[in-house]
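Q: Sequence and predicted structure are below.
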2 protein chains.
Amino acid sequence: MIKVGIVEDNVKIRNLIQRYLDMQDGISCGVAVDSVEEMLDYLKEKELPDILLMDIQLPGMSGIEGIGIIKQDYPEIDIIMLTVYHDSHKIFDSLKAGASGYLLKHTSLPEIKDAVEDLAKGGAPMSPQIARKVIQYFNTNQVKKKPESDLTAREQDIVNGLVDGLSYKMIADRYDISIDTVRAHIRNIYKKLHVNSKAEVIAKSLRGEI
Amino acid sequence: MIKVGIVEDNVKIRNLIQRYLDMQDGISCGVAVDSVEEMLDYLKEKELPDILLMDIQLPGMSGIEGIGIIKQDYPEIDIIMLTVYHDSHKIFDSLKAGASGYLLKHTSLPEIKDAVEDLAKGGAPMSPQIARKVIQYFNTNQVKKKPESDLTAREQDIVNGLVDGLSYKMIADRYDISIDTVRAHIRNIYKKLHVNSKAEVIAKSLRGEI
DNA sequence: GTCAAAACCGCATGAATATGTGATTTGCTC
DNA sequence: GAGCAAATCACATATTCATGCGGTTTTGAC
């Protein structure tokens, strides 16, 4: 018997999921609350569930913060996020915090049931769009081992200066050239990198894209 | 009609999958070869498939090397790995090389068909065990850093804006606040981080020091 | 020895940023 | 309900940046 708990502030959705899961063979859903705080109270008193379904947008503590707190005290509980958010930040923050699955809210009840069973069997339920973003994380963030910028050595010097947080004047002093020369180099760097601010150069550089 | 190609050196498996997929509605599987080299020859001459199913262990070039070569010349082709290997290195190397899905070989024919359709719809098919390993990558590899910045949630928002290369005005628009408020937050951020330029904030953030 | 690329320099101007000095509202704590 | 942090907004000013234009000198390749 898989014991499931729900943290979801929309009463209708919460009751719907709880009733549906509870009537399935092999699943019991004995606790459904509307905030992380309530769930923490419950966990202190009662039997621990195996799996939690959790929203992100909640009254009080957010679901993402909740993951961290709950996993710290009860690392054996697996958490599936069930939310409308499909932006990368929320997804990766959730996974980093310790979530074991991530479903979007349009997921049907049978699919939620499948996800619970999947997780219990050692899988990691994800909505297809979510899986795609996770995969893309590897595709994009790590494939580029050699970004191969066409920056000259001097231009790279200037970039390093920017990354060190220096102003044009400080860079000029560091390399003993005039500030107008720094400007000239920066201009060329912007052209080559297709950007138009210090900020973007620094970001690119620190992301390893130069 | 989804056009699928197969690279698999086991003739029995290859023929089985090809025949099965080809008889499905909406899928055609016109090419099935036993090495990356042959597939490259085919791609030069004929119509490009939308999706490739590819083994890792192959005569000649390995499937993982193959991903890189194929994606370089034909980035629009999505590749699903279909292999017996479930070790993290092979999985992550494949994903980094540009694979869009990863299935284990015990996957049934209908599941392979589902995977093809899933991918065509923007998903990212993965066997449950694979999904679990991918998720664990985030859980373990990245949780460890807690730089402990005392930035408030709003201040962190602003920092994210800066890292995205936005100007004050753009940040103000993103969060629907006035540019003077952005300035105020930036001031406080600078105080807390002991810096005095956008550049330094971005650098600190991307170095994980926030 | 010519040619192109790289590095260097200068001036000018509008835009963006850094920083100061205010203020109001809200929610939480004691 | 006093005190305080957080978030919001305003106005002002000096500095820095982004970008336009124009150059010269050095250096390596052909």
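A: Ah, there it is. Model, not experiment: these values are computed from the prediction.
Q: and the helix or strand of chain A with the lowest mean pLDDT with chain B, contact?
A: One helix or strand of chain A scores below all others by mean pLDDT, DSSP states H and E: helix A:128-143, with a mean of 76. Yes - counting by C-beta under 8 Å from any C-beta of the partner chain, contacts between helix A:128-143 and chain B involve A:128-129, A:131-132, A:134-135, A:138-139, A:142-143. Yep, even glycine has a C-beta here, placed from its N, CA and C like the rest.
Q: residues in chain A within reach of DNA strand C, list them.
A: Where proximity means C-beta under 7 Å from any atom of the strand, the interface of chain A facing DNA strand C comprises A:150, A:152-155, A:175, A:177-178, A:180-181, A:183-185, A:197, A:199.
Q: Just the ones in helices from those, please.
A: With DSSP state H as the criterion, helices contain A:153-155, A:175, A:180-181, A:183-185, A:199 from among the residues of chain A next to DNA strand C.
Q: Of those residues, which are in range of chain B?
A: Within those, those near chain B by C-beta under 8 Å from any C-beta are residue A:199.
Q: Please work out which residues outside stretch A:192-199 touch it.
A: A:149-151, A:155, A:162, A:186, A:190, A:200-201, A:204, A:210, B:162-163, B:165-167, B:198-199, B:202 (C-beta atoms under 8 Å, 6 or more residues apart in numbering or on different chains).
Q: thought residue A:71 was touching residue A:97?
A: Yes - counting by C-beta atoms under 8 Å, residue A:71 touches residue A:97, with 7.2 Å between them.
Q: what are the phi and psi angles of the most centrally placed residue in chain A?
A: When C-alpha atoms, centre = their mean is applied to chain A, the residue found nearest the centroid is residue A:92 (1.5 Å). With angles defined as degrees, to the nearest 10, residue A:92 sits at phi -70, psi -40.
Q: could you say which helix or strand contains the nearest residue to residue A:126 once chain neighbours are set aside?
A: Nearest residue to residue A:126, sequence neighbours excluded (C-beta to C-beta, 6 or more residues apart in numbering or on different chains): residue A:102, at 5.3 Å. Per DSSP states H and E, residue A:102 falls inside strand A:101-104.
Q: Run the chain-centre distance for that strand.
A: How far strand A:101-104 lies from its chain's middle: 12 Å, per C-alpha atoms, centre = their mean, to the nearest Å.
Q: Run through who's touching that strand.
A: So strand A:101-104 is contacted by A:78-84, A:86, A:91, A:94-95, A:111-112, A:115, A:118-119, A:124-127, A:129-130, B:135 (C-beta under 8 Å, 6+ apart).
Q: Equivalent analysis for stretch A:18-28, please.
A: Outside stretch A:18-28, the residues within contact range by C-beta under 8 Å, 6+ apart are A:1-4, A:6, A:29-30, A:32, A:109, A:112-113, A:116-117.
Q: Provide a list of residues in contact with the residue nearest to the centre of chain A.
A: The contact partners of residue A:92, taken as C-beta under 8 Å, 6+ apart, are A:137, B:138.
Q: From residue B:123, how far off is it?
A: Note on residue A:92: its distance to residue B:123, by C-beta to C-beta, to the nearest Å, is 18 Å.
Q: ok, residue A:15 touching residue A:33?
A: No - with contact defined as C-beta under 8 Å, residue A:15 does not count as touching residue A:33 (11.8 Å).
Q: which bits of chain A sit near DNA strand D?
A: When proximity is defined as C-beta under 7 Å from any atom of the strand, chain A approaches DNA strand D at A:167-169, A:183-184, A:186-187, A:190, A:196-199.
Q: Residue A:76 versus the residue nearest to residue A:105 when sequence neighbours are not counted, what's the distance?
A: Leaving aside its chain neighbours, residue A:105 sits nearest to residue A:84 (4.8 Å; criterion: C-beta to C-beta, 6+ apart). Plainly put, residue A:84 is 28 Å away from residue A:76 if you go by C-beta to C-beta.
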